[in-house]
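> dropping a prediction and its sequence here:
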Amino acid sequence: MYEAFYHLKTKPFALLPDNSFLYSGSEHQAAYSLLEYGVLSQAPFMVLTGEPGVGKTSLLQKLIAEHGNKHKIGLITHARYDIEHLLPWILLSLGLSTKRLDPIEAYHMFSEFLAQASKNLRRVILVIDEAQNLGAERLEELRLLSNMNDGKILKLQIILSGQPDLYTLLQRIDMTQFAQRIVVDYHLKPLTETDTARYIRHRIRVAGGHPALFTNKACLLTHHLSQGNPRLINQVSDRALIYGYAEQAKVVTSKLVAQAALDRTKGGILPLAAKDELVALATAAEDMIEINDPLPSLEAEINADESFGSRPPYSAEEAYSQGMTLKNQGRLKEAVDMFHLAAQGESMWLKSHAQIGLCYRRMREHQAAIQAFRTALNDRAASPNDIIDVLYFLGQSLEFTGQIEEALEVYGRVNQLNPEFRNVADRVKELRQNVEQREPSMSDNSRVSEAIKKFWRILISGQK
C-alpha cells in the first residue's frame, strides 16, 4: 500500500521473524555472542528467555543460519507438556523419521544418528522454541537424552528458548539436576529509547527507504507506547506508515504515530503503554520544529530537505567518499549507511556493497559480510578485476565461517579468471586437503576465544 510512496522495496515492519532485518543492538549482540560462545565451547545446555516479541526467534534463526553448515540443527516449536514423548518430535525436526516409532526403536535411531554425526565431526544441536510449554517431565526427558554425551566428544547440544515462565520453571527445586547442566543463560531485555530509534531506522534502511522517514519524536513516542518491545514497535510503526500514506505525509511524525496508535487501541487488545497521551497528541497541530529536527549522528548528515523521497541528499560518488571517511575513522555502522546511499547509483553498486562487506567483516558480522559480497556480485556491468577482488573477499569470509566447500567454489572461480591472483591457488590446495581429511578450517579453541572476546567487549561497552 505505502511501499511505492515511501520508496520501499518491501514492508519494513512485518511481524514474521526475518533474519535479514535483525537489528544488532547491544542486547541482541550480547545474547547472540553468548549463544555462539555456548555452541563453540560445547555447552550441553543453553537457555534464552525474554518477554514475547523481544526477538528471541530471530536470534535463533540467525544462529541456525550461521552454524547450520557445520552442525546438524533441528528446530522444534510449540511442543507441549501433554505430548507422550518428546523424542518423536526430535526425530522429525532432524528429518530422521515421520513415522510413529516404538520408544526403544526411536531411541536406537537417535543414538545411531548421534554416533554417525560424531564420526563426521558434526555435532547435533536441538533448538527448542517456546520451551516454557514443555513442563518438568519433558525437560527431564531432555536431560536423560543429554546422557548420550559420553567420553570427551560432545555429540548433542540443546538450546531452550522461551518466555519468563521457563526461567521460573528451571528455578524449581525438582529441576536442580537440569539447572546444573546449563552453561549459558541470558534474559533478553526490551530496547532502550536510543535502540528503538536505531531499530526503526535500521529496518527502514534495509527495506530500501530513507532513515529519516520517522522523526525523533515519532521514534520516542513509539518507544513509550511499545516499551521497547520489537513486535509492538513493528505494529505501531506499520500502522503509522499507513496513516502517513493516507495523509500523503513526507515524514512520519509523533502526531501520525498517536493517531495510528489511538485507533489501534480502541479494540482494547494491543497492550500499548502511555495511552493517556494519545488523544492530545492526535488532535494537536503538526509541529514544524519536529519535522525539521535534525537526526543524531549519521542521520544528521543525511537529513531530508523539501524534496525528501525524490532524490538522495548526496550523489553516489559523494556518499561513497563520505563512507570511506567514516570507515577510516572506525565509524563502521555509519559507514555502512552511507555506502547504502552510494549503492543507489548504478555505477557504484559493486564498490559500495563490497565496502559494506568489508565494514561488516571488521565488525565481525561475517554472515552479513557474506551477503553484502554476494549482493555486490549482482552488478553485471562491473569490471573483471573488481569481480575478482569481491570473489576473493567472499571466499575469505566463507572460509572463516567454516563454509569450506562454498569457499572452494568461490576460490575456484577466482582461479579460473586469474590463476596467479594473490594466494588463491595455495588456498584451493590447502582447503581441498582439509576437506579430504575432514579438518575444520578453524579450530574450536580459536573460535571460542573470538566469541568470548566479542561477548566481553559488548558487555564492557554496554556498561560505559
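Received the coordinates, thanks.

> tell me the contacts of Gly74?
If a contact means C-beta atoms under 8 Å, 6 or more residues apart in numbering, then Gly74 has 90, 93-95, 124-127 as its contacts. Every C-beta, even on glycine, is put in place using the N, C-alpha and C of the backbone.

> below-threshold pLDDT in the stretch 51-200 of the chain: ranges please.
Low-confidence segments of the stretch 51-200 of the chain (pLDDT under 70): 151.

> keep only those of the contacts of Gly74 that are in helices.
90, 93 (DSSP state H).

> doesn't Ala368 make contact with Tyr360?
Yes - with contact defined as C-beta atoms under 8 Å, Tyr360 counts as touching Ala368 (4.2 Å).

> strands of the stretch 101-250 of the chain, start to end?
Counting by DSSP state E, counting those that start in this stretch, the stretch 101-250 of the chain has strands at residues 124-129, 156-162, 182-188.

> next, format the ones you listed as TSV and append mean neighbour count and distance to Arg198.
Output for those, formatted as TSV (neighbours: other C-beta atoms under 10 Å; distance: least, C-beta to C-beta, whole Å):
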stretch	mean neighbour count	distance to Arg198
strand 124-129	23	26
strand 156-162	23	24
strand 182-188	18	17
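
> and those strands: which comes nearest Glu406?
Closest to Glu406 of the strands of the stretch 101-250 of the chain, according to C-beta to C-beta: strand 124-129, at 20.0 Å.

> what is the closest one packed up against?
helix 56-67, strand 72-77, helix 103-119, strand 156-162 (3 or more C-beta pairs under 8 Å, 6 or more residues apart in numbering; DSSP states H and E).

> strand partners (parallel or antiparallel) of that strand?
Paired with strand 124-129 in the same sheet, following DSSP bridges, are strand 72-77 (parallel), strand 156-162 (parallel).

> name the residues of the shortest one that come out as buried.
For strand 72-77, the buried set under the neighbour-count rule, 16 or more other C-beta atoms under 10 Å, comprises 72-76.

> distance from that strand to the middle of the chain?
Computed by C-alpha atoms, centre = their mean, to the nearest Å, the chain-centroid distance of strand 72-77 equals 17 Å.

> next, the angle from it to helix 103-119.
For strand 72-77 against helix 103-119, the angle by axes from the mean of the first three to the mean of the last three C-alpha atoms, to 10 degrees is 140 degrees.

> ok, the longest one next?
Counting by the same axes, to 10 degrees, strand 156-162 lies at 110 degrees to helix 103-119.

> just the CA coordinates of strand 156-162, formatted as CSV?
Taking C-alpha atoms only, strand 156-162 is exported to CSV below (Å, rounded to 0.1, in the frame of the first residue of the first chain):
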residue,chain,number,x,y,z
LEU,A,156,24.4,-33.3,21.5
GLN,A,157,23.7,-29.7,22.5
ILE,A,158,20.3,-28.3,23.5
ILE,A,159,19.2,-24.7,23.3
LEU,A,160,16.0,-23.8,25.1
SER,A,161,14.2,-20.5,24.3
GLY,A,162,11.1,-19.3,26.0
